[in-house]
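> Sharing a model prediction with you, sequence too.
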Protein chains: 2
Amino acid sequence: MASVVPDRLHGRLAALARFGALPGGGVTRPCWSPPHEAARAWLLDEIAGAGLRAWVDPAGNVFGGLGIDTFSGERPVVLTGSHIDTVPEGGMLDGALGVIAGLECVQAIHEAKAAPRRPLIVAAWSDEEGRYGSLFGSRAFCGNLDATRIPDMAAADGERLVDAMARAGFDAGRAPLARAPAGAVAAYVELHIEQGARLEEAGIPIGVVDSIVGVRRARVVFHGQADHAGTTPMARRRDAFLAAAEYALRARDLVVERGGERAVTNVGVAHVHPGVSNIVPGRAELVHEMRCPEADTLEALDGACEGLAREIAAKRGVRAEVRRLSATAPVACAERIQRAVEEAARALGLPSRRLYSAAGHDAQNLALVADAGMIFIPSQGGRSHRVDEASDAAAIERGATVLLRTLLALAA
Amino acid sequence: MASVVPDRLHGRLAALARFGALPGGGVTRPCWSPPHEAARAWLLDEIAGAGLRAWVDPAGNVFGGLGIDTFSGERPVVLTGSHIDTVPEGGMLDGALGVIAGLECVQAIHEAKAAPRRPLIVAAWSDEEGRYGSLFGSRAFCGNLDATRIPDMAAADGERLVDAMARAGFDAGRAPLARAPAGAVAAYVELHIEQGARLEEAGIPIGVVDSIVGVRRARVVFHGQADHAGTTPMARRRDAFLAAAEYALRARDLVVERGGERAVTNVGVAHVHPGVSNIVPGRAELVHEMRCPEADTLEALDGACEGLAREIAAKRGVRAEVRRLSATAPVACAERIQRAVEEAARALGLPSRRLYSAAGHDAQNLALVADAGMIFIPSQGGRSHRVDEASDAAAIERGATVLLRTLLALAA
């Protein structure tokens, strides 16, 4: 019977972590960057070396197929995977685990000559972390990439997606061609670290994801008046940064008070213009993000924060501009995938618990075109998007084994 | 008798404004930048064309001497001038007025063969706006440049002074050699726009500066914890940017409440690390500036703000690091210079008023080695450090004429 080979699994995780490795630990490997493209080449070699068909689609998604090298409505596949890009100063498991464990499972099934009814494919989706656009690869695969917006897609530092993809040898304009034919995916299941502390604190080894938060991101810009920071009387200043500072603090409180326990918020980007010490800030830009698994709550918070920006601007004599950068809706995971994961865990004697995902994942796109679900394993200290992100070796092996059994059940 | 030639004065102001001119008006001409160095070359040509001796010292200060091309304790000079560098997106008068009007006055005295007792020199001081270090050129000239700190001097964007000067053909290590011999300057008087609205609102054409604010700048850094912005519970976050936001708002209120009418404050620089939307800020850096003409008040505010940073950090579970970037003490202008300016204005039938300067100026360094003072003319709407900075043509001519009479009186 097919089984996961722990040494190979851990060895590949360590090998992948060397692409974009930081001196003190952790990884910076944004999509389309040189370390990411080197990791892609390595992954394609590993897939081929495992005896699987390896290919890349126009959105840069990497696939490894067991006896199949294309998607079609005639042969619905059981798909697994995640992503190999990371946030800046991220960890070695976020995304990588789902890809490497998925490869291990499909290879193990191949080597066991298990001959499941449905073809199996492992995927590495492009730019899940959204340097240029959140969940880019899985969005393209699921037909939700708006071709007209591609020329405008850019990183927070202004670098355009078309330029980044061109440097990596891709034509961004062709990315929408990555769309899979209708009915090509019978089921999708993704293994991921929890990135939170709920499983660890409860002592539960396997999380069965029942829903994934929706994420909204907006650029909130305050336009004030640049003035001499010495000679302009304090009462006459129209300081854009002070407006932004008040917004960051009050928007945080608003989301905590009105959003309930399952809503979170962050201001992770702030720029001040012209950005010199002796000029009153004339413009301040924030990127404000909110997440919630409940669509109505998310919508209400979004409206309330926009109102808050306008209220602060009016009070401070500046102008607020709120521009939506991205919005994903909360999604529910398929009941049959959840049951398959629970059954796989039970057969292995592993307790499991249903929980929602507080992070966005490629699975939320796949859920739009197929039955989709996720398996979580505990994250040490709940840490993620950090260089010290980690999970126990045994937890990783348990997760991969539950994934293997789930894939076999879904493909049977 | 010597008199200012208005067309030449305005013509040179317009000519200088073309170096680093912005498409919509205004100027960006930071010291050592290509536009600044082109302006320096132009200025040296103008000085020579005016029949004056032109030279540059190791700190990059430009001089135009009437019958003199060096500083010595044996021939004390009457000195005037200001600077030709600007803040980013600054105006065409801040600094430029004092240099061009000073050149006009010395040229007019030269052409009138007025033969004053003391030699006259017009100066353009390097990097008054402090891209790499506030009042750099006049600090070097007055012997207050610490040679050991030069290798570490850098712009807010990290560019080092030594590299910027090297590109412009200067050796930063030699800048302290610009120090003038003791007794070389008998008197210094600088014409400048007010950069505030007090003269305009009072309908007074000439301001006689009695003191100049001290300026303190500190880098205030909050060290928190970078975490996943979706999965980290709100209550467990140690968000460095929220601490910085609270500091900016509360430090502003503290200075306004405790500093009185003559203290001002600004946070003009803010950086968030790692600076991506889906990571809780692990580090946030501000540059906090305070100005006050009263030394005791400035000292007390400085201490109170450092305490505030620590209080906020403790409350929010982050760490505060406060590092002094620069500190200039408030200075008093020489009574005899103030009287000379008042007498010149009175002789011209122009009302004048004594006031303090809310901005730092090269005159505050000169005040440490000589009798120094300043003449202010009204700024339209009090605007400065802005592309629409302006003063009436007649106000400029009145200022230049008062400067001419003051220089003649001081040199007599």
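Sure, I can see it. Numbering: from 1, shown residues only, chains lettered A, B, ... in the order given.
> When you work out contacts or count neighbours from here on, use the C-alpha atoms and nothing else.
Fine.
> For chain A, which segments count as helices?
A:6-17, A:34-49, A:96-111, A:136-141, A:161-167, A:198-202, A:240-259, A:295-316, A:335-347, A:363-366, A:393-411 (DSSP state H).
> CSV please, covering those and showing mean neighbour count.
Shown next, in CSV, are the helices of chain A (neighbours: other CA atoms under 10 Å in any protein chain shown):
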stretch, mean neighbour count
helix A:6-17, 17
helix A:34-49, 18
helix A:96-111, 26
helix A:136-141, 27
helix A:161-167, 17
helix A:198-202, 16
helix A:240-259, 22
helix A:295-316, 17
helix A:335-347, 19
helix A:363-366, 24
helix A:393-411, 22
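> between the ones you listed, which gets nearest to residue A:125?
helix A:136-141 (4.9 Å; CA to CA).
> Pull out the buried residues from stretch A:153-162.
A:153, A:154, A:160, A:161, A:162 (16 or more other CA atoms under 10 Å in any protein chain shown).
> Nearest to chain B among the residues you listed?
residue A:154 (13.0 Å; CA to the nearest CA).
> any idea how far the closest one lies from residue A:134?
Counting by CA to CA, to the nearest Å, the gap from residue A:154 to residue A:134 is 11 Å.
> do residue A:304 as well
Counting by CA to CA, the gap from residue A:304 to residue A:134 is 24 Å.
> same question, residue A:166
19 Å.
> Same check on residue A:98?
Taking CA to CA, one finds residue A:98 at 18 Å from residue A:134.
> Can I get the buried residues of stretch A:153-162 in TSV including pLDDT?
Converted to TSV, those look like this (pLDDT from 0 to 100):
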residue	pLDDT
A:153	95
A:154	94
A:160	97
A:161	97
A:162	98
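> Please convert the residues you listed to CSV, extending it with distance to residue A:381.
Shown next, in CSV, are those (distance: CA to CA, whole Å):
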residue, distance to residue A:381
A:153, 35
A:154, 33
A:160, 36
A:161, 34
A:162, 38
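> burial measure for the closest residue to residue A:357 other than its chain neighbours, as a count.
Nearest non-adjacent residue to residue A:357, counting by CA to CA, 6 or more residues apart in numbering or on different chains: residue A:212, 4.6 Å away. As a burial measure, residue A:212 scores 27 neighbours (other CA atoms under 10 Å in any protein chain shown).
> Tell me what residue A:212 is bridged to.
Note on residue A:212: beta-bridge partners by DSSP bridges are residue A:331, residue A:357.
> I figured it was touching residue A:366, is that so?
No: using CA atoms under 8 Å, residue A:212 makes no contact with residue A:366, being 11.8 Å away.
> Any residue of the helix or strand of chain A with the lowest mean pLDDT touching chain B?
The helix or strand of chain A with the poorest confidence is strand A:227-228; it has a mean of 86 (mean pLDDT, DSSP states H and E). Yes: using CA under 8 Å from any CA of the partner chain, strand A:227-228 reaches chain B at A:227, A:228.
> what's that strand packed up against?
Packed against strand A:227-228 by the contact rule (3 or more CA pairs under 8 Å, 6 or more residues apart in numbering or on different chains; DSSP states H and E) you find strand A:279-280.
> For the strand it packs on, give me every contacting residue.
With contact meaning CA atoms under 8 Å, 6 or more residues apart in numbering or on different chains, strand A:279-280 is reached by A:225, A:226, A:227, A:228, A:229, A:237, A:238, A:239, B:266, B:267, B:268, B:385.
> do that again at 10 Å, thanks
For strand A:279-280, the external contacting residues (CA atoms under 10 Å, 6 or more residues apart in numbering or on different chains) are A:224-230, A:232, A:237-242, A:272-274, B:87-90, B:265-269, B:289, B:384-386.
> cool, stretch A:337-348 as well?
By CA under 10 Å, 6+ apart, stretch A:337-348 touches A:187-189, A:205-210, A:335-336, A:349-354, A:371-375, A:398-399, A:401-410.
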